[in-house]
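Asker: Requesting a structural model of the entry that follows:
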Amino acid sequence: MSAAGQRKVAVIGAGLTGPLLGLLLARRGFAVTLLERRPDPRRSAADGGRSINLALAARGMRPLARAGVLQQVEPFLLPMRGRMVHELSAAPVLQRYGQRSQEVIYSVGRAELNRVLIDAAERAGVTLCFEHRCLGFYDQALRCVEERPGRTFDLECETAIAADGAGSLVRESLERCGVCAVQIEPLGHDYKEMSLPALPDGSHALDPAALHIWPRGGFMLIALPNPDGTFTLTLFLPRSGEQSFAALSEDAALGQFFAAQFPDLAAFHAGLCADFRRNPQGQLATVHARGWHLDGRVLLLGDAAHAIVPFHGQGMNAGFEDCALLDELLDTGEDWAQLYARFEQARRPSTEAIAHMALENYREMREQVRDRKFQRLKRLAFELEQRFPERFIPRYSMVMFHPEISYLQALRRGQVQAGILERLERERTADGGIDAALAEALVREQLPPLGSRDPDRRTG
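Answerer: Residues are numbered from 1 along each chain as shown. The predicted structure is shown next:
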């Protein structure tokens with residue numbers, strides 16, 4: 001690929017991934033146009049009840065640093081050091097994410113992060129076109145509509161990158177013309193957001209340094225802190241059944257549900273019920289797509305290519321990692337068709353891996369965190385990490401705190417580590433301890449040092 005000069009690139013979607021990608025491309029000298037169907041979010045209110053507060057991890061922070069915007073994001077970040085588990089019959093207990101002080105994830109509001117990224121893209125020279133809807137790929141061109149006055153036009157650009165979300169119209173058009181094969185896997189559980197207000201003095205009603213979970217087996221409630229003293233609560237619940245959204249259609253049933261399941265939030269039940277009735281019921285699904293690009297003319301990226309459920313907090317982080325990889329691949333000098341093919345080949349195995357882990361993490365969050373065996377195995381994993389830090393890192397930590405390890409390698413090593421933990425659990429010593437010699441033998445035999453190059457990443 002020759003020098004960027006003023007070559008025209010279009011980016012579809014100004015959610016989170018789109019502006020970051022536009023910024024990275026503009027910094028390389030491309031003439032970038034960013035199209036978004038919504039009005040400018042910096043000048044309009046955010047959609048109520050649909051944010052699902054975001055969890056920013058090391059994997060997402062590295063691309064922000066690459067683009068030079070991490071310092072602008074940091075004032076909006078609230079560190080969370082672990083999960084605060086609220087059981088019905090016990091006091092809340094903190095289950096730490098990692099063992100080191102820096103091993104935290106950050107709660108960040110979608111709206112604030114979106115504004116920072118759009119502002120940075122605009123300063124870098126990206127042309128912003130709000131209220132412009134891309135309908136997809138038709139007759140060898142990307143067809144768009146300018147909402148006001150309703151003008152339809154074909155987008156003129158050298159290439160287009162679609163970051164238009166899980167419901168991508170560009171992806172649908174590529175599917176219709178046989179380029180992209182798509183399987184959408186609905187979760188069967190929906191979500192509703194509510195807000196937990198700040199206390200009268202403006203402080204948080206719960207510990208703001210934790211992600212709070214009310215695990216109830218078949219469903220759960222979570223709470224993420226906001227800088228203004230509030231928490232965003234999200235209830236994940238089956239769509240139908242005995243304990244489901246369908247069963248909460250009556251006010252009396254809703255009140256009884258909150259009283260029975262979340263008694264520690266009793267002081268806030270009236271407001272939570274009001275939010276529940278007012279806010280929309282969102283649906284969740286995993287998007288499995290094969291065929292992310294059409295020659296060198298269009299590429300799917302982020303949720304448009306690989307949307308996942310939110311239970312590992314990695315949807316945004318994975319999208320940001322997409323942007324960094326694509327930016328890195330531009331150094332190869334390949335043309336768009338070669339670059340896009342290389343991008344999908346390098347990236348899709350890892351996005352399938354995190355989709356799998358996100359679904360597994362839902363069961364862990366709503367059910368397993370209460371299990372005593374789960375807690376023992378987690379402590380044992382920390383112990384093995386201390387003994388063999390060059391070989392054993394808990395899977396959650398690999399995903400959240402080690403961006404140099406790909407999702408695919410985290411999944412594969414995690415499966416091996418789970419087998420080691422189960423073996424050590426079965427063969428505890430007479431006093432209930434761990435057989436240290438067996439632990440060392442298993443780890444050294446089955447887990448090569450992590451310092452060796454990750455074959456599933458283009459860079460280490």
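Asker: where does this structure dip in pLDDT?
Answerer: Under the criterion pLDDT under 70, the flagged ranges of the chain are 1-5, 46-52, 452-460.
Asker: where exactly do the helices run in this protein?
Answerer: Per DSSP state H, the chain carries helices over the ranges 17-27, 58-66, 70-73, 110-123, 169-176, 251-261, 269-278, 303-306, 315-329, 336-366, 372-387, 395-401, 407-426, 436-446.
Asker: Out of the ones you listed, which is closest to residue 133?
Answerer: When the helices of the chain are compared by CB to CB, helix 169-176 sits nearest residue 133, at 7.8 Å. Placement of C-beta: from N, CA and C, glycine included.
Asker: May I have that closest one as CSV, with CA atoms only?
Answerer: Taking Å, rounded to 0.1, in the frame of the first residue of the first chain, the C-alpha atoms of helix 169-176 are listed here in CSV:
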residue,chain,number,x,y,z
LEU,A,169,-26.9,-3.3,7.8
VAL,A,170,-23.6,-3.6,5.9
ARG,A,171,-23.2,-7.1,7.2
GLU,A,172,-26.7,-8.0,6.2
SER,A,173,-26.1,-6.7,2.6
LEU,A,174,-22.9,-8.8,2.4
GLU,A,175,-24.9,-11.8,3.6
ARG,A,176,-27.5,-11.3,0.9
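Asker: Surely residue 92 is in contact with residue 86?
Answerer: Yes: applying CB atoms under 8 Å as the test, residue 92 and residue 86 come out as touching, 4.9 Å apart.
Asker: So for the two, which sits in the more crowded spot?
Answerer: Legend: neighbour count by other CB atoms under 10 Å for residue 92 and residue 86, higher for residue 86 (22 against 16).
Asker: contacting residues for the more buried one?
Answerer: 92, 212-215, 262, 264 (CB atoms under 8 Å, 6 or more residues apart in numbering).
Asker: 10 Å instead?
Answerer: Residues counted as contacts of residue 86 (CB atoms under 10 Å, 6 or more residues apart in numbering) are 92-93, 206, 212-216, 220-221, 223, 262-265.
Asker: swap in residue 414?
Answerer: By CB under 10 Å, 6+ apart, the contact set of residue 414 is 353, 357, 360, 381, 393-396, 398-399.
Asker: from those residues, which two are the most distant?
Answerer: Across those (CB to CB), the longest gap, 19.0 Å, separates 353 and 381.
Asker: related to what we said a few turns ago, could the helices of the chain go into TSV alongside distance to residue 35?
Answerer: TSV is the format used below for these (distance: least, CB to CB, whole Å):
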stretch	distance to residue 35
helix 17-27	9
helix 58-66	21
helix 70-73	23
helix 110-123	12
helix 169-176	11
helix 251-261	41
helix 269-278	31
helix 303-306	13
helix 315-329	17
helix 336-366	18
helix 372-387	45
helix 395-401	32
helix 407-426	29
helix 436-446	49
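Asker: Of all the ones you listed, which one comes closest to residue 236?
Answerer: helix 336-366 (7.1 Å).
Asker: Let me know the angle separating that closest one from helix 315-329.
Answerer: 160 degrees (axes from the mean of the first three to the mean of the last three CA atoms, to 10 degrees).
Asker: Who wins on neighbours among the contacts of residue 414?
Answerer: Using other CB under 10 Å as the neighbour test, the contacts of residue 414 are led by residue 399, with 28 neighbours.
Asker: surely it meets residue 354?
Answerer: Yes: Residue 399 is within contact range of residue 354, at 7.3 Å (criterion: CB atoms under 10 Å).
Asker: Next, show the common contact partners of those two.
Answerer: 59, 312, 314, 317, 361, 406-407, 410-411.
Asker: Nearest to residue 21, out of these: which one, please.
Answerer: With CB to CB as the yardstick, the closest approach to residue 21 among the shared contacts of residue 399 and residue 354 comes from residue 317, at 14.4 Å.
Asker: can you tell me which residues contact the residue nearest to the closest one when sequence neighbours are not counted?
Answerer: The shortest distance from residue 317 to any non-neighbouring residue, by CB to CB, 6 or more residues apart in numbering, is to residue 60 (3.5 Å). Residue 60 makes contacts with 16, 20, 54, 70, 73, 105-106, 108, 113, 313-321, 323-324, 400, 403, as judged by CB under 10 Å, 6+ apart.
Asker: if you set the cut-off to 7 Å instead, what comes out?
Answerer: Residue 60 makes contact with 316-317, 320 under the criterion CB atoms under 7 Å, 6 or more residues apart in numbering.
Asker: what's the burial count for residue 314?
Answerer: Residue 314: 26 surrounding residues under other CB under 10 Å.
Asker: Chain neighbours aside, what residue packs nearest to it?
Answerer: residue 354 (5.3 Å).
Asker: So what's the residue count around the closest residue to residue 282 other than its chain neighbours?
Answerer: Once flanking residues are discounted, residue 282 sits nearest to residue 191: 5.0 Å by CB to CB, 6+ apart. Per other CB under 10 Å, the neighbour tally for residue 191 reads 22.
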